[in-house]
Each structure stands twice: as structure tokens, then as C-alpha cells.
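A.B. asks: The sequence and its predicted three-dimensional model are supplied below.
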Amino acid sequence: MTEEKQEKHGEFEREPVPVSKTRGLKAFVGMYAGEHCAGTELMIGPLFVAAGVSAFDVLGGLFLGNLLAVLSWMFLCAPIAVRARLTLYYQLEKICGRNLVTLYNLANGVMFCFLAGSMITVSATALGVWFNFPMPGLNDLLPNSVGWVLAVLGIGTIISVVAACGYDTVSKVANIAAPWMVLVFFGFGIIGLRQFIEVTGAEVNSLSSLWELCTTSIWTGGDPLPGQIKFTFWHVTFFAWFCNMAMHVGMSDLSVLRFAKKSWHGVASASGMYVGHFMAWLAASILYALQLHMDPTNTNVLPGPLAYRAAGVAGLVCVIVAGWTTANPTIYRAGLAFQAIMPNKSRFAVTIGTGLLATLAGMFPAIAMRLLGFVAIYGLILMPMGAVIFADFWILPKLGLKQYYAEHRSLKMNWAAGIAWIATLTICVALVLSGKPQFQIYFVSLPGWFIASALYIGLSKLQQKGEA
């Protein structure tokens, strides 16, 4: 297929991205900042407070966990992305075979839709403040008003159209919105601290007095709220590292970073990790801690009201736009997953359909209200295939084994990859169900990656035994 025909059909979904179409660092800095400084930060930040985390644990854990995430993008995902320049889905097809990758793409696309739906949910809470319709509470599973359904539908439609227009449009939207959103999130933290000082009457005139306020009133290290797991330093570290596991360790961002000129451009992820998953999470948790301090019975986590109390209309606009910039690349990735199942369909049409599925998911608040657990499960499901890609690309050739074995043998199913995926998930789920603290859902993915890698390498040696 010529480059002209490929561009007409999509964005090099089944061809390597040509060097002429690669982009510099700036495009990825804006995209990562926009994607990870998002409305969902106003969901995740408060959940740290609800989990009874201490000030040292949240600050130290976020610093270390986000550093590990950036290093994972730089040294696991980006080097493969710029060498192969293939989407995750096409690369997996060459490794795993059409039948297995279809199952994976279906799981990946559905999970991305649920994740994007939670982001649409967050944006809709801003419209709830604006138009004063009933919004779901922390424990609600179903939509509770017509206004809520219409708000989610409107926002989801706009997001779907932007995502369907392709990576260039997604990147441009992120670069335009990110600088303003960053300032608003920073404002949330400053305003929240000022309001805390006013409400508590604390004297904050030095770093030590500020630290005292943080440890005694914001991140106190006390008991978690009912139904929440107590978070320690290691909970925060592993959550920050693995909340985007599907994208770096799980290799989903091969589809994005294949456009990067250099592999070190993976460092652009730091703009999202330390602006969004550090500063924005802390700012959001300050707002929620203030809400609890003023009314301990108000445990609802609604980003719209939180942002409005801090920054008025600017806060509401920030929540809406932040939801857009996060859901846009998520729906884009999901659309690529579904198009890999239906390669003859237009990417635009598939992405529109994907966006509608995400919008439907966004009408049900259960995912957003349980976001910590959802992203941990999501990363766990997709992680083994990231290990398979890593081992196939780097380790198998050094052992004299064939890369892209399904393509080499025209296989519909590479059973070595399939067994590694299913067996790893089975082992990890069994560890979680054991109920031991060290095997909580937040911790099992790390040993799971090594298990998946070892299984795939060993099974590949067995599978390819006797071949030249």
C-alpha cells in the first residue's frame, strides 16, 4: 500500500510510520500534560485522603512512583516504538496471530472505553453545577437524572468527533488546553491551602508551619473512610507507577510514541506525571480534605463542585476541558484497537462508534467512583502482553529465536503468547484472592510482569525447538 493510500485509509495502522511523519518533543509534552492533568485528577486526589494517607507517604510515594512511570515510558515503551513504528495492535498481530490479538484488542478497546467513560463522567459533574441537575453520589451505580444523561451525551459526542479526526487533532487540542489547565490546577492547590488556613485559623509563615498544617489537617495518616483501603507509602508509590501501566509497561503507547523522532522523547511523559499525577493530585486532595474538614458527613467525590468552590466558573471550565483532553487520546487508542479487529472499516467511523460506547459507559458513575481499583485491574489485564512484546523484541533474538513468530509461520494463534497471558492473569488473581496484604491488587502486577516474560520465553523455546 502506498503512503498516499495509507494516509487516506487512516494513520498508518498497518504500516510503519514514515520518518517524514514523525514529530518532535513538543508535541508529546503537550499531549502528556493535557492527558494526565485532567478532570480525573479531581477524582483520584481525594481518594488518597479517603484512604487515610499521611503527608510523608503521599509526597514521597508520588515522587518515586511517578519517576518509575517516566522511566518505564523511556526505557520499556519508547525504544520499541521508534524502532518498529507500529501500532500496538499490529505489532501484537505479528507476534500473537490474528485470533489471539482479536481477543486482546477487544479487551483493550472495551477497557479504554470504560476509562474514557469515567473521564466523561468527571466533565459532566461540571455541567451539573452549571445547570443544577441531580448528580450521582459516591456509592451510586446508575444514572439518577435526565439532566445527567443529557450532559454525558453532549460532552461524549464532542470528544468522539475530536478523537475521530486523528492524532494531529488530538495533539493540537492538548497543546492548546494544557498550559491553561495547569495554571488552574495550580490555582486549586493555592486557593485550597488559603481556605484551609482561614478555616482552621492556623498560622502559616514558614515551611515547618506549612508542614504542620499538612500533617495535622490535610494528609493526617488517620483511619480511612468506610469502605476504603488504608494507603501507605508503598500503596501510593505503586499506584502512581502502575495507574498507567497499560500505557507504558503494557505498551499501549507504542501507538502514540511511534510518531516520536527519538526514543528519549518518552521523557515527555514527565510533563503529565509531575504536573498531573503530582501537583494536580495534591491540589485535588487539598480541596477534598477541606470539604471533609468543613462537613465530615459530605464524603461525595464530585469534581465539578470541588472545582467550583475553589475557582468558580474557571474551575468548571477546567473540569470540562480537562475531561476532553484526557478522553480524546483514550478514545483514539480504543478506536485503533477496534479497527485492528475490523481493518477494512474507516478509522473515523470506528472511532465515532468507540466514542459512543465510551459515552454510554460514562452515564454509569460506578467506574469513576471506583477509579483506583478500576485502573489497577485494567493495568493487570493488559500487562502480560506488554511483557510478551518486550521479550519478543529484545530477548528472543538474543536466544536465537524468531521474532514475530505468528507472522513467520502464518499462525492464527501463537499459543506461547496466549498461555503466558492467561496463566499470568490466573496466578495474579489467585495471589489477590489469597487476601495477603502484600498481594493486594496494587502490588501483583510487578511480579506478574516477570512471570509473563519468563513464561513467554520458555514457551517460545519449546515452540520453536528444532527450527533452524
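C.D. replies: That came in fine, so what should we check first? Numbers count the residues shown, from 1 in each chain.

A.B. asks: start to end distance for stretch 292-312?
C.D. replies: Distance between the two ends of stretch 292-312: 19 Å, counting by Cα to Cα, to the nearest Å.

A.B. asks: go on, stretch 44-63?
C.D. replies: 16 Å.

A.B. asks: Same check on stretch 73-85?
C.D. replies: End residues of stretch 73-85 are separated by 15 Å (Cα to Cα).

A.B. asks: after the helix or strand harbouring Gly60 comes which helix or strand?
C.D. replies: Secondary structure assignment for Gly60, by DSSP states H and E: helix 55-72. Downstream of helix 55-72, the first helix or strand assigned by DSSP H and E is helix 78-84.

A.B. asks: what comes up buried for the helix holding Gly60?
C.D. replies: By 16 or more other Cβ atoms under 10 Å, the buried positions in helix 55-72 come out as 55, 57-59, 61-62, 64-72. (C-beta placed from N, C-alpha, C; glycine too.)

A.B. asks: of these, closest to Ser209?
C.D. replies: Nearest to Ser209 among the buried residues of helix 55-72 is Ala55, at 13.3 Å by Cβ to Cβ.

A.B. asks: In contact with the closest one, which residues?
C.D. replies: If a contact means Cβ atoms under 8 Å, 6 or more residues apart in numbering, then Ala55 has 211, 214-215, 218-221 as its contacts.

A.B. asks: Closest to Asn344 out of those residues?
C.D. replies: Closest to Asn344, out of all of these and judged by Cβ to Cβ, is Trp219, at 52.5 Å.

A.B. asks: Contact partners for that closest one?
C.D. replies: 48-49, 53-55, 57-58, 285, 289.

A.B. asks: now do Pro46
C.D. replies: Applying Cβ under 8 Å, 6+ apart to Pro46 gives the contacts 284-285, 287-288, 301, 306.

A.B. asks: and the residue nearest to Val162 when sequence neighbours are not counted, what element?
C.D. replies: Counting by Cβ to Cβ, 6 or more residues apart in numbering, Asn328 is the residue found nearest to Val162 once chain neighbours are left out, at 5.2 Å. Per DSSP H and E, Asn328 falls inside helix 303-341.

A.B. asks: Pull out the buried residues from that helix.
C.D. replies: Residues of helix 303-341 classed as buried: 303-311, 314-341 (neighbour count, 16+ other Cβ under 10 Å).

A.B. asks: after that helix, next one along is what?
C.D. replies: Following helix 303-341 in sequence, per DSSP H and E, is helix 347-362.

A.B. asks: who does that next one touch, helix- and strand-wise?
C.D. replies: helix 98-131, helix 146-164, helix 303-341 (3 or more Cβ pairs under 8 Å, 6 or more residues apart in numbering; DSSP states H and E).

A.B. asks: ok, back up a step: out of the contacts of Trp219, who's nearest Val204?
C.D. replies: Nearest member of the contacts of Trp219 to Val204, counting by Cβ to Cβ, is Ala55, at 14.0 Å.

A.B. asks: What pLDDT is listed against that closest one?
C.D. replies: Looking at Ala55, its pLDDT stands at 97.

A.B. asks: do you know how far it is from Leu92?
C.D. replies: 42 Å (Cβ to Cβ, to the nearest Å).

A.B. asks: Over to Gly304?
C.D. replies: 38 Å.

A.B. asks: Please apply the same query to Leu127.
C.D. replies: As for Leu127, its distance to Leu92 is 38 Å (criterion: Cβ to Cβ).

A.B. asks: These two: which has the busier surroundings?
C.D. replies: More crowded of Leu127 and Leu92, by other Cβ atoms under 10 Å: Leu92, with 29 against 22.

A.B. asks: Next, count neighbours for the residue lying closest to that one once chain neighbours are set aside.
C.D. replies: Residue nearest to Leu92 in three dimensions, not counting chain neighbours: Val101, with 4.6 Å by Cβ to Cβ, 6+ apart. A total of 28 residues lie near Val101 under the criterion other Cβ under 10 Å.

A.B. asks: Over to Gly373?
C.D. replies: Quick note: Gly373 (other Cβ under 10 Å) scores 13 neighbours.

A.B. asks: Next, the residue nearest to it when sequence neighbours are not counted: secondary structure please.
C.D. replies: Spatial nearest neighbour of Gly373, excluding adjacent residues (Cβ to Cβ, 6+ apart): Ile441 at 6.6 Å. The local conformation at Ile441, judged by DSSP: H, G, I helix; E, B strand; the rest coil, is coil.

A.B. asks: three-state assignment of the most centrally placed residue in the chain?
C.D. replies: What sits nearest the mean C-alpha location of the chain, by Cα atoms, centre = their mean, is Asn244, with 4.3 Å. Put simply, Asn244 is coil when judged by three-state DSSP.

A.B. asks: List the contacts of it.
C.D. replies: For Asn244, the contact set (Cβ under 8 Å, 6+ apart) comprises 36, 69, 375, 379.

A.B. asks: correct me, but the second one touches Gly266?
C.D. replies: To tie it back to what came earlier, the one meant is Ala69. No - Ala69 lies out of contact with Gly266 (Cβ atoms under 8 Å); the separation is 10.6 Å.

A.B. asks: Let's test this: mean pLDDT of the helix holding Asn328, rounded?
C.D. replies: Mean pLDDT, computed over helix 303-341, is 82.

A.B. asks: That one vs helix 347-362, what angle?
C.D. replies: Compare the direction of helix 303-341 with that of helix 347-362 by axes from the mean of the first three to the mean of the last three Cα atoms, to 10 degrees and you get 140 degrees.

A.B. asks: Distance from helix 303-341 to the middle of the chain?
C.D. replies: 12 Å (Cα atoms, centre = their mean, to the nearest Å).

A.B. asks: ok so, going back, roughly how far apart are the residue nearest to the centre of the chain and Trp264?
C.D. replies: 19 Å.

A.B. asks: One more: Leu382?
C.D. replies: 25 Å.

A.B. asks: who's more crowded, those two?
C.D. replies: It is Leu382, of Leu382 and Trp264, that has more neighbours when counted by other Cβ under 10 Å, with 25 against 14.

A.B. asks: For the more buried one, list the residues it contacts.
C.D. replies: 104, 107-108, 111, 245-246, 250, 252.

A.B. asks: Just to be sure, it is in a helix?
C.D. replies: Yes - per three-state DSSP, Leu382 lies within a helix segment.

A.B. asks: Leaving out sequence neighbours, find the closest residue to Met135.
C.D. replies: Gly128 (4.2 Å).

A.B. asks: Ser255 against Gly335, yeah?
C.D. replies: No - contact criterion Cβ under 8 Å: Ser255 and Gly335 do not qualify, at 10.1 Å.

A.B. asks: roughly how far apart are the closest residue in space to Ala246 that isn't next to it in sequence and Gly304?
C.D. replies: Residue nearest to Ala246 in three dimensions, not counting chain neighbours: Leu382, with 4.3 Å by Cβ to Cβ, 6+ apart. Counting by Cβ to Cβ, the gap from Leu382 to Gly304 is 30 Å.

A.B. asks: Please apply the same query to Ala33.
C.D. replies: Ala33 is 22 Å from Gly304, by Cβ to Cβ.
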